[in-house]
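**Student:** Kindly return the folded structure for what I paste below:
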Amino acid sequence: MRRTLPLVSAAVILAALTGCSSDAPDATSTTPATDASAVDVCSAESGSASEAVDVSGDFGATPQVSFDGGIGADTTERTTVIEGSGDEVEPGSTVEVAYTLYNGENSALLASAGFDGAPTEVFSADAGMYLAGLAKTIGCASVGSRVVSVIPPADAFGDTGNESLGITAEQSLVVVMDIQSLVPTKAWGTEEAAPEGLPQVTLAEDGAPTVAIPSTDPPAELQVAVLKKGDGEAVPEGATVTVQYQGVQWDTGEVFDQSWGQTPTSFSLGAVVPGFSSAIAGQTVGSQVLAVIPPALGYGEAAADSTNALAGKTLVFVIDILAVN
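**Tutor:** Numbering: from 1, shown residues only. A predicted model of the protein is given here:
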């Protein structure tokens with residue numbers, strides 16, 4: 001997100017909307033206030049609140065938005081302003097969007113991203129990863145649509161509000177969102193020959209990897225191999241990316257963390273171990289990368305002050321780079 005945010009930083013906005021601290025590999029995250037398993041992300045309907053938000057302008061261009069302060073609803077309401085003709089956003093799908101976010105009580109603009117050719121954001125129709133109301137804003141809408149939603153506290157920050165955004169427990173959110181494209185669920189690049197001596201990767205039909213570790217000592221230095229070369233943009237240093245990944249321990253061959261079986265995950269390269277960040281930065285979107293990360297670029301050596309279960313371990317990651325946020 002690189003557009004000017006009038007009140008709060010992009011990092012604060014992203015952390016707030018995800019409803020958790022981080023989805024980076026092996027990160028410990030907090031549970032969103034809403035029980036994701038009980039959320040029907042396709043349940044939002046048009047109502048008097050969402051219909052009271054006046055929105056004009058072309059799809060992809062910064063919208064003109066007006067509504068009376070004090071707007072709210074009992075449950076998330078969504079009205080389609082521009083009907084798209086693209087694929088439907090199924091539950092769990094990940095999409096690139098442009099959006100504006102407002103405080104429903106005082107009409108204050110909190111954030112705007114992705115309009116007029118600016119970099120888009122990536123969100124998922126998944127209440128386990130994002131605020132329930134945001135997932136309902138996306139779920140079962142069509143690509144190419146502009147939607148407006150009014151999200152009550154129960155589908156946002158609950159009875160605590162969000163101090164960093166200046167949202168109290170009684171205030172709703174208003175979102176205007178252009179749903180621009182679906183994010184693929186696996187790397188689509190051209191296959192490259194796998195180097196000898198590194199772990200071998202086989203892929204299931206859905207793209208999920210299985211990693212075979214060679215019966216040799218692990219390399220002492222970071223090893224990075226491109227298994228598929230994507231045709232998208234290069235990943236900048238420190239970027240926020242959307243990926244599918246699997247992490248395997250070299251010594252046991254066991255998977256210790258992965259996004260497969262859930263939804264693609266987004267995180268800042270500043271929130272992961274150095275070897276993971278180095279393996280992605282500079283690679284192109286659509287690529288699949290194999291990274292063998294020694295302890296020095298992972299979780300360090302095991303010691304009294306380094307008690308992570310992965311300390312001292314050589315880690316193997318298979319990473320599908322799906323989007324740059």
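**Student:** Kindly report the domain assignment for the chain.
**Tutor:** 10-182, 190-324 (automatic domain parsing).
**Student:** what mean pLDDT does the longest one have?
**Tutor:** Throughout domain 10-182, pLDDT has a mean value of 88.
**Student:** what sits against the most centrally placed residue in the chain?
**Tutor:** What sits nearest the mean C-alpha location of the chain, by CA atoms, centre = their mean, is residue 266, with 3.2 Å. Listed by CB atoms under 8 Å, 6 or more residues apart in numbering, the contact partners of residue 266 are 18, 23, 122, 240, 241, 242, 243, 325. C-beta coordinates here come from the backbone N, C-alpha and C atoms, glycine included.
**Student:** so the fifth one sits in a strand?
**Tutor:** Yep, that's residue 241 we're talking about. Yes - per DSSP: H, G, I helix; E, B strand; the rest coil, residue 241 lies within a strand segment.
**Student:** how many neighbours does it have?
**Tutor:** Using other CB atoms under 10 Å, residue 241 has 25 neighbouring residues.
**Student:** likewise the first one?
**Tutor:** Applying the criterion other CB under 10 Å, we find 21 residues in the vicinity of residue 18.
**Student:** Deepest in the core, which of the domains of the chain is it.
**Tutor:** Most buried of the domains of the chain, by mean neighbour count (mean count of other CB atoms under 10 Å): domain 10-182, with a mean of 19.
**Student:** Please give the centre-to-centre distance between it and its chain.
**Tutor:** Centroid separation between domain 10-182 and its chain, computed with CA atoms, centre = their mean, to the nearest Å, is 13 Å.
**Student:** And for stretch 235-242?
**Tutor:** 12 Å.
**Student:** what's that stretch in contact with?
**Tutor:** 14, 94, 122, 183, 264-270, 280-285, 321-325.
**Student:** who touches residue 143 in this structure?
**Tutor:** Contacts of residue 143 (CB under 8 Å, 6+ apart): 84, 86, 87, 88, 89, 95, 179, 180, 181, 182.
**Student:** And the helices in the stretch 1-150 of the chain, which stretches?
**Tutor:** Assigned by DSSP state H, counting those that start in this stretch, the stretch 1-150 of the chain shows helices spanning 10-18, 48-51, 132-138.
**Student:** what's the last one packed up against?
**Tutor:** The one in question is helix 132-138. strand 121-124, strand 146-151, strand 173-182 (3 or more CB pairs under 8 Å, 6 or more residues apart in numbering; DSSP states H and E).
**Student:** Could you export these to a markdown table, including columns for distance to residue 58?
**Tutor:** Converted to a markdown table, the helices and strands packed on helix 132-138 look like this (distance: least, CB to CB, whole Å):
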| stretch | distance to residue 58 |
| --- | --- |
| strand 121-124 | 19 |
| strand 146-151 | 9 |
| strand 173-182 | 10 |
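**Student:** Between those strands, which one is closest to residue 101.
**Tutor:** strand 173-182 (5.6 Å; CB to CB).
**Student:** which residues sit against the helix or strand just after that closest one?
**Tutor:** Per DSSP states H and E, the first helix or strand lying C-terminal to strand 173-182 is strand 190-191. With contact meaning CB under 8 Å, 6+ apart, strand 190-191 is reached by 227, 228, 229.
**Student:** which strand residues sit across from the last one in the sheet?
**Tutor:** Meaning residue 229. When bridges are called by DSSP bridges, residue 229 pairs up with residue 190.
**Student:** Next one: it from residue 287, what distance?
**Tutor:** 6 Å (CB to CB, to the nearest Å).
**Student:** what do the two both touch?
**Tutor:** Going by CB under 8 Å, 6+ apart, residues that sit against residue 229 and also against residue 287 are residue 189.
**Student:** And what about residue 164, helix, strand or coil?
**Tutor:** Secondary structure for residue 164, judged by three-state DSSP, is helix.
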